[in-house]
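[1] no FASTA, just this:
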């Protein structure tokens, strides 16, 4: 049998970093490549108590079908949380529970994009979202990043030269992979530009809770008087990535179609995860939990930055994130990040992600001299050892 | 803002049965409309023990990211189960865990179908799958059902007149909505027809475990020497619908692309559900559990059929399922099922699903004089009362 693959999936190949991640499965490898939260930050004892209580008190709520929109009292609690913490829920909005934030990207594309439409993204950007967009056979246009977020002039040019742009995809807080935070001025300017061009914004905020430095900035969604911002949130980074619970906020008028798309895709998000998150929000002190998390992240980030300062050679620069999980490193132009990452994991058992993986144009050489490091998952000992080994190889290669 | 919806979602409207289901939310309504398993059949105490143990023993396995393909030891256990019970896993196949069986339909379409391609379905068929297919803007072609499964002559004609058919969607066991089981002869004949026309089969088997009468028949997948059958399975009906754990079996050569589609869609299926199912398979006696379930389903089905025999007027006929959850009723041609269902729920507080909801051509009047009843979810008292009330209205309307 010769299998004919759909046009949308035809061009999507297993990513080049798969080869590198094959080595990362080896338990003796120090992984600085993950996107997981700090394991020690997760409230395991509390989650166990909650799971036990919910199967005692109302097992059928966990075990039988629920609504595609999500468990109603949980939705109400998340609306309140998103409005209070981010200003991300307004009077004309609706909110549904999704199977992780990743599903927000999938449902948004399914509802809005035809093949050949354009999506404008920060360049580099999160590989999971980029691949989701690619799976809809859309035209991806990348706009470079500056230290305070997307380059406004180039964004304006991209909007002008791509009249079939469906939406603008942004991660304003501690962006993946760069760790960069978009300034308040740029948030306002980006919103105005999108409004002027009649283009929607998909604002992805998976790391927003984890700000360990500087002041919280309101979400772009909080400025949304025109109903042009769709907002993706998640409990992955503060409660659990493995349970796959996110949420999508969109103008009510648009949400009807998004709910139909959700229903067609997986009926509804798993109830164990929904009820677990709901009880945590309703019965525990989520703000105290987030504050405790921030201390862990601040400490780990500080440690990694300090070790890089000590061990990385001149010619390598990096971002200093105010929150989130990632640091983005830039090597001299002639050093290839994929080669560096492969040698680092194969010969020295330390894993980082080469920058090219995050290029909006996957066929280009953009970000080839960069790599991403994660400070949330490894232990302090592994951060010290891993950064030291990476520094040694950098000195050798530069 | 005027929102432009994608071509694929443009035509998909919230289903007509939504109005009827609005009434079903009223707790005083007797619902014979559900698709849930019998609540008393679910192993609540065992699931609670397992959840507690897995958060004690290895919480990070439940709480952190896992592989898109699913938790490896769980996948191995499901392969063994699918091979042993259904003969549905062969040497050239691969298996991944999905977010319910619904996601099998979504990933199959995403991987195989371009807009405008044809999918051939049994008519009537499961509304959730039909809507998923519609969300890919494909051409749906329905083939009528006979008492022993799809009409072979009409299937052959449909295959001949639709050369761009991507796959044939079938529910061979206790089909939703008809309760009909495809005979062994037809399974063989359908496989040969698909092979001859170079068309794939998507075999959906959500109810297969729940056979309470007659001999188990092997899955069409068990005959698949050519690599043309994709198989959708689930733990929804025997363990829990709410946790959303299904599985997809496909020829290994095709699975690479399906895994990329899965990754783009929701990264992986929630780990709490995966680990719960895995431990149930590995540590408990799933066969004994299924046997106990069959007794519950046999009893409830027998009760409903008996009450229908007593209370339904001449001119109404119905299927006698050998398993599953549903009975399909046909009224005289002039009686409108949507009208019957609306009056039944609004005026008499009993909810059934009108047959038109399951028509492959949603604009046609097919199955307008039919309705679907579910015997698994309601209690015996509610079955007796609900069928009695439905019988009274039927007598009035016929």
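    Perfect, I can see it now. Please read these numbers as outputs of a predicted model, since none were measured by experiment.
[2] Can you give me the neighbour number for the closest residue to residue A:4 other than its chain neighbours?
    Leaving aside its sequence neighbours, residue A:4 sits nearest to residue B:112 (Cβ to Cβ, 6 or more residues apart in numbering or on different chains; 7.3 Å). C-beta coordinates here come from the backbone N, C-alpha and C atoms, glycine included. Residue neighbour count, defined by other Cβ atoms under 10 Å in any protein chain shown, stands at 25 for residue B:112.
[3] And the one 10 residues further on, by the same measure?
    When counting by other Cβ under 10 Å, one arrives at 26 neighbours for residue B:122.
[4] so residue A:277 sits in a helix?
    Yes: assignment of residue A:277 by DSSP: H, G, I helix; E, B strand; the rest coil places it within a helix.
[5] Just to check, it is in contact with residue A:233?
    No: look at residue A:277 against residue A:233 with Cβ atoms under 8 Å: they stay out of range, at 11.3 Å.
[6] biggest helix in chain A by residues?
    Counting by DSSP state H, the longest helix found in chain A is helix A:286-311.
[7] And chain B, is that one touching that?
    No: using Cβ under 8 Å from any Cβ of the partner chain, we find that helix A:286-311 stays clear of chain B, coming within 13.7 Å at best.
[8] Check stretch A:228-245 too.
    Yes: under the criterion of Cβ under 8 Å from any Cβ, stretch A:228-245 makes contact with chain B via A:228, A:239-245.
[9] what's the worst-scoring helix or strand of chain A on mean pLDDT packed up against?
    Counting by mean pLDDT, DSSP states H and E, the weakest-scoring helix or strand in chain A turns out to be helix A:17-24, with a mean of 75. Applying 3 or more Cβ pairs under 8 Å, 6 or more residues apart in numbering or on different chains; DSSP states H and E, one finds that helix A:17-24 contacts helix A:337-348, strand A:350-351, strand A:353-354.
[10] what lines up beside the last one in the sheet?
    I take that to be strand A:353-354. Sheet partners assigned to strand A:353-354 using DSSP bridges are listed as strand A:370-374 (antiparallel).
[11] List of residues touching the helix or strand that residue A:253 is a member of?
    Assigned by DSSP states H and E, residue A:253 falls within helix A:252-266. Helix A:252-266 is contacted by residues A:68-69, A:92-94, A:96, A:98-99, A:103, A:106-108, A:110-111, A:227, A:230, A:248, A:250, A:268, B:3, B:5, B:9, B:12-14, B:99-100, B:102-103, B:106, B:128, B:131-132, B:134-135, B:244, B:265-266 when judged by Cβ atoms under 8 Å, 6 or more residues apart in numbering or on different chains.
[12] rewinding a little: distance to residue B:22 and mean pLDDT for the helices and strands packed on helix A:17-24 - can I get that in JSON lines?
    Below are the helices and strands packed on helix A:17-24 laid out as JSON lines (distance: least, Cβ to Cβ, whole Å; pLDDT from 0 to 100):
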{"stretch": "helix A:337-348", "distance to residue B:22": "55", "mean pLDDT": "95"}
{"stretch": "strand A:350-351", "distance to residue B:22": "52", "mean pLDDT": "96"}
{"stretch": "strand A:353-354", "distance to residue B:22": "48", "mean pLDDT": "95"}
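[13] All the helices of the stretch 101-250 of chain A, residue numbers only.
    A:102-112, A:127-134, A:152-161, A:184-197 (DSSP state H, counting those that start in this stretch).
[14] hang on, the earlier thing: tell me the helix or strand right after the least confident helix or strand of chain A.
    strand A:30-31.
[15] tell me the mean pLDDT over that following strand?
    The pLDDT scores in strand A:30-31 average 95.
[16] ok, and what's touching the helix or strand just after that strand?
    Note on strand A:30-31: by DSSP H and E, the next helix or strand toward the C-terminus is helix A:44-57. Outside helix A:44-57, the residues within contact range by Cβ under 8 Å, 6+ apart are A:61-62, A:239-240, A:272, A:275-276, A:279-280, A:283-284, B:44, B:47-48, B:51-52, B:55-56, B:59, B:63, B:272.
[17] cutoff 10 Å now
    Identification of contacts with helix A:44-57 by Cβ atoms under 10 Å, 6 or more residues apart in numbering or on different chains yields A:43, A:61-63, A:239-240, A:243, A:271-272, A:275-280, A:282-285, A:289, B:44-45, B:47-49, B:51-52, B:54-56, B:59-60, B:62-63, B:272.
[18] Can I have the buried ones of those residues as a ChimeraX selection?
    To isolate the buried ones among the contacts of helix A:44-57 in ChimeraX, judged by 16 or more other Cβ atoms under 10 Å in any protein chain shown, type:
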select /A:43,61,62,63,239,240,243,271,272,275,276,277,278,279,280,289 /B:44,47,48,51,54,55,59,62,63,272
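[19] Run through the stretch 251-398 of chain A and note the low-pLDDT ranges.
    Across the stretch 251-398 of chain A, nothing is flagged by pLDDT under 70.
[20] Report the angle between the longest helix of chain A and helix A:44-57.
    150 degrees (axes from the mean of the first three to the mean of the last three Cα atoms, to 10 degrees).
[21] and for residue A:277 and residue A:233, which residues touch both?
    Common neighbours of residue A:277 and residue A:233 (Cβ under 10 Å, 6+ apart) are A:78, A:245-247.
[22] Out of those, which is nearest to chain B?
    residue A:245 (7.9 Å; Cβ to the nearest Cβ).
[23] on that earlier part again, right, and the helix or strand after the longest helix of chain A?
    strand A:317-318.
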